[in-house]
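Asker: how does the following fold in three dimensions:
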Amino acid sequence: MTVLRFPNRPSRRTYEEEFLRLCALRREIDAQLDQLVEMVSALGDEENDGGGPLVTMSVPGRSRHGLRVV
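Answerer: Numbering: from 1, shown residues only. Got it, this is the predicted structure:
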């Protein structure tokens, strides 16, 4: 959970700075999710005979990924 940090009487600049901080945080999270999807996809690419468990990742704002893990 992200905590919004505001002083008692926030200025417009404070809101803008917090918005930019949250945007940067969102980009960082998106990049980490992309790396996770690539890692799990790579596991499924290694000579999978189709017998492994099916791992489905549902990420808000992204398409659904059906990934088979050996």
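Asker: any weak-confidence spans in the chain?
Answerer: By pLDDT under 70, the low-scoring segments of the chain are 1-10, 44-70.
Asker: how about 50 then?
Answerer: The chain contains residues with pLDDT under 50 at 64, 66-70.
Asker: count of residues packed around Leu43?
Answerer: Leu43 has 14 neighbours, counted by other C-beta atoms under 10 Å. Using the backbone N, CA and C atoms, a C-beta is placed for each residue, glycine as well.
Asker: same for whichever strand or helix holds Ser41, what does it pack against?
Answerer: Per DSSP states H and E, Ser41 falls inside helix 12-45. Counting by 3 or more C-beta pairs under 8 Å, 6 or more residues apart in numbering; DSSP states H and E, the packing neighbours recorded for helix 12-45 are strand 54-57, strand 65-68.
Asker: mind redoing it with 6 Å?
Answerer: Secondary-structure packing of helix 12-45 (3 or more C-beta pairs under 6 Å, 6 or more residues apart in numbering; DSSP states H and E): strand 65-68.
Asker: what is the burial count for Thr14?
Answerer: Neighbour count for Thr14, taken as other C-beta under 10 Å: 13.
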